[in-house]
Structure formats: structure tokens, C-alpha cells
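[1] here is the input, now give the coordinates:
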Amino acid sequence: MRKSILGRKVGMSQIFDEEGKAVPVTVIEAGPCFVVQKKTTERDGYAALQLGFGERRAEKLNNPLRGHFNKDKVKPLRYLKEMRLDEAELEGYAVGQEIKADIFSAGENVDVQGITKGKGFAGGIKRHGFHRGPTKHGSKYHRGPGSLGAKGPARVFKGRKLPGRMGGEKVTVQKLRVIKVDSERNLLLVRGAVPGPRRGLLMIKDSLR
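    Sure, this is the predicted structure:
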């Protein structure tokens, strides 16, 4: 059964291992999460587990969400995400069950998914690493995108690297090692960087690799 939990990026730090070497880590507030709904193939067309994370006041909810939480008497939560499972794996969970950071242990590898920082509209140099043009006087072409391809088709080919919106994409970083688990404070210390800004929502799963 694949383990999953929702979390929030706290920030980056470093710790020292037994040999005295500095290890860069990302601190993640992982859980506590609650099972809000179990989706079955017979009723919903696919099997999945809906997890909720982050407390929220009931008066801040709209009527559909309030009814969704009241149906199985689950407390209101800020974030809802689905985790695909096999039909047989759903039997190990119950609606309202709490999932905490201690499902992981030090030494395990995890995949962390998040939304990267949005950079806005960026040029080709920043977005794709293009080289700039000549900087001498009279060049008048310093940071342009360059040639757009053949003139015959009279169109820009699909996939051409051009200026555009950068960042704000769903990215998964695979095979990050869990350095430490603080079960009392629901913290995971993961080696390396994870996508997104501070306080950004993350999905942490045990690694497939």
C-alpha cells in the first residue's frame, strides 16, 4: 500500500550528521490529515481516498462543503486532495481516521509534489537559458528571442521556445531521503529542496524508485 500525506512547506535549514557534515534539509509540516471520503469503483467509477488537511472555521465554508463535511461528521478542513488506491486497499482506512507524520521513518525515500513559485511573464533568457545578443553599440538586439524558424510555412512551429508565463506548475521531485521524523510536532526533515514557496501545499508519498 502506498503511503501518502498532505503537508505544508515550512522552510529550509541544515542539520549535521554523525560525521559532522552539514546536510541541507527542507522542513515539512506533514499532517495531521483526516480521511474525508472513500470513493469506490461501483459508486464513483474509480477507487480513491480523499484526504483533508488544515483546520478551518465552519462559518467560512459554503453550503456544499459544509454538507460534505457534516455527512460523515468530519471537522472542516482547508485543503482536500484525492489519492488513488486499489479497491482492496480502501479497506484499511475509515472515514474520519487520522493520518500523521509517523507513517514515515528516517531513511525512507519519498516523492514530494507541489506547485512551483510563479515568476510571471519571462523572456527567453530567463525562461529557457537563451544566450543574449551582441552588446556593442548599434546591435539593437540584446535580449530578443532570435529566429523563429523557416519562413516557408509562414507560421511558428509548435513547441518553439519563446517568452511566456514561467512557474506556477505542478512538479514532483522524486527519491528524496527522509532524514528525521518528529512525530510530536508532525514534522518531516527531507534532504534537498522541494517545489513551492513557504507555506505551500505539498503531497508527500513514499517513493516508487
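
[2] residue contacts, the residue nearest to the spatial centre of the chain?
    By Cα atoms, centre = their mean, the chain has its centre lying nearest to residue 114, at 1.6 Å. Counting by Cβ atoms under 8 Å, 6 or more residues apart in numbering, residue 114 touches 9, 170, 171, 194, 195, 196, 200, 201, 202, 203. The way it works is simple: take the backbone N, C-alpha and C, and place the C-beta from them, glycine included.

[3] the same query, at a cut-off of 10 Å, please.
    Contacts for residue 114 (Cβ atoms under 10 Å, 6 or more residues apart in numbering) come out as 7-9, 28, 169-173, 194-197, 200-204.

[4] in this protein, where is pLDDT below threshold?
    1 (pLDDT under 70).

[5] returning to that earlier point: sort out for me which of the contacts of residue 114 are in strands.
    7, 8, 9, 28, 170, 171, 172, 173, 201, 202, 203, 204 (DSSP state E).

[6] please pull up the helix or strand immediately following the helix or strand hosting residue 36.
    Using DSSP states H and E, the element containing residue 36 is strand 33-39. Once strand 33-39 ends, the next helix or strand along the chain (criterion: DSSP H and E) is helix 41-44.

[7] pull the distance from that following helix to the chain's centre.
    Mean-position distance between helix 41-44 and its chain equals 27 Å (Cα atoms, centre = their mean, to the nearest Å).

[8] cool, thanks, signing off.
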